[in-house]
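**Student:** Sequence and predicted structure below; questions after.
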Amino acid sequence: GAGVSQSPRYKVAKRGQDVALRCDPISGHVSLFWYQQALGQGPEFLTYFQNEAQLDKSGLPSDRFFAERPEGSVSTLKIQRTQQEDSAVYLCASSPPRQGTDTQYFGPGTRLTVL
Amino acid sequence: GNSVTQMEGPVTLSEEAFLTINCTYTATGYPSLFWYVQYPGEGLQLLLKATKADDKGSNKGFEATYRKETTSFHLEKGSVQVSDSAVYFCALVPSRNTGKLIFGQGTTLQVKP
């Protein structure tokens, strides 16, 4: 079946612009995660949803970062007033309920470049 | 705190060589341990996992054993192929159902024919 999809795959923004990154999880997956992966580094956790509830947002680096999942399916990560240090690949992952939250399936990521 | 440390890459091997990628962790409680792989141009894929001490995860000829006494989860493969060239990430979830994966920095493996 279809995997996790993310759009856009590439985004170039001028410093100060707002961006919105979309994630479509695997159908039926309850849990959804966002990670940030800087060049040459491992992914770092940003936030976690179970259905529409945001249960953990401890990894969001500043109040410029905001995530939502209003209907418990598609999620959007929004970054306001982008800065150069926001340049990274943003990964979305989802997890099926019967496996708990341990096995996560990743999308291809959105590469954000802030000029 | 919780963290994962991997051996630095890149690791360059000839085809059919033996592979070891070291991974050690620091965690409170009883974490679950994972290896993820990222092939060129593709997303992260779960390679294998182990959820308790002495468990061995295995997949596609790769193996890793959860060693609580040495806080390690080293990845091994007896005979690598060119198609195994990828970036490998060791990761942990600090306790079941928290969802928060904590990754190492990744190790690039290049296998030459």
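**Tutor:** Right, received. Where do you want to start? Residues are numbered from 1 along each chain as shown, chains lettered A, B, ... in the order given.
**Student:** Quick one: name whatever helix or strand follows the strand or helix carrying B:Leu48.
**Tutor:** B:Leu48 is part of strand B:44-50 when elements are defined by DSSP states H and E. The first helix or strand that comes after strand B:44-50 along the chain, using DSSP H and E, is strand B:56-59.
**Student:** That following strand pairs with which strands, parallel or anti?
**Tutor:** Applying DSSP bridges to the sheet, strand B:56-59 is found paired with strand B:62-65 (antiparallel).
**Student:** Tell me which strands the strand holding B:Leu48 pairs with, and in which orientation.
**Tutor:** Take DSSP bridges as the rule and strand B:44-50 pairs in its sheet with strand B:32-38 (antiparallel).
**Student:** which residues are contacting the strand it pairs with?
**Tutor:** With contacts defined as CB atoms under 8 Å, 6 or more residues apart in numbering or on different chains, strand B:32-38 is touched by A:102, A:106, B:23, B:25, B:44-51, B:57, B:62, B:64, B:66, B:73, B:75, B:86-93, B:96, B:101, B:103, B:106. Just so you know, the C-beta spots here come from the backbone N, C-alpha and C atoms, and that holds for glycine as well.
**Student:** Could you do stretch B:82-90 as well?
**Tutor:** A:42-43, B:4, B:6, B:9, B:15, B:19, B:21, B:23, B:25, B:33-40, B:44, B:47, B:73, B:75, B:77, B:103-104, B:106-113.
**Student:** Start and end of that stretch, how far apart?
**Tutor:** 21 Å (CA to CA, to the nearest Å).
**Student:** Tell me how far that stretch lies from the chain's centre.
**Tutor:** Here the centre of mass of C-alpha atoms in stretch B:82-90, compared against the chain's by CA atoms, centre = their mean, to the nearest Å, lies 10 Å away.
**Student:** cool, stretch B:91-111 as well?
**Tutor:** 8 Å.
**Student:** what comes up buried for that stretch?
**Tutor:** For stretch B:91-111, the neighbour count (16 or more other CB atoms under 10 Å in any protein chain shown) marks B:91-94, B:98-109, B:111 as buried.
**Student:** Please list only the buried members of the contacts of stretch B:82-90.
**Tutor:** Buried residues within these, counting neighbours by 16+ other CB under 10 Å: A:42-43, B:4, B:6, B:19, B:21, B:23, B:25, B:33-38, B:44, B:47, B:73, B:75, B:77, B:103-104, B:106-109, B:111.
**Student:** ok so, going back, just the C-alpha atoms of the strand holding B:Leu48, please, in CSV.
**Tutor:** Below are the C-alpha coordinates for strand B:44-50, written out as CSV (Å, rounded to 0.1, in the frame of the first residue of the first chain):
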residue,chain,number,x,y,z
LEU,B,44,14.5,6.0,6.4
GLN,B,45,13.5,2.3,6.7
LEU,B,46,13.4,0.2,9.8
LEU,B,47,16.1,-2.5,9.4
LEU,B,48,15.7,-4.3,12.7
LYS,B,49,14.8,-3.9,16.4
ALA,B,50,15.1,-5.4,19.8
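**Student:** in that strand, what's buried?
**Tutor:** If you call a residue buried by 16+ other CB under 10 Å, then strand B:44-50 has these buried ones: B:Leu44, B:Leu46, B:Leu47, B:Leu48, B:Lys49, B:Ala50.
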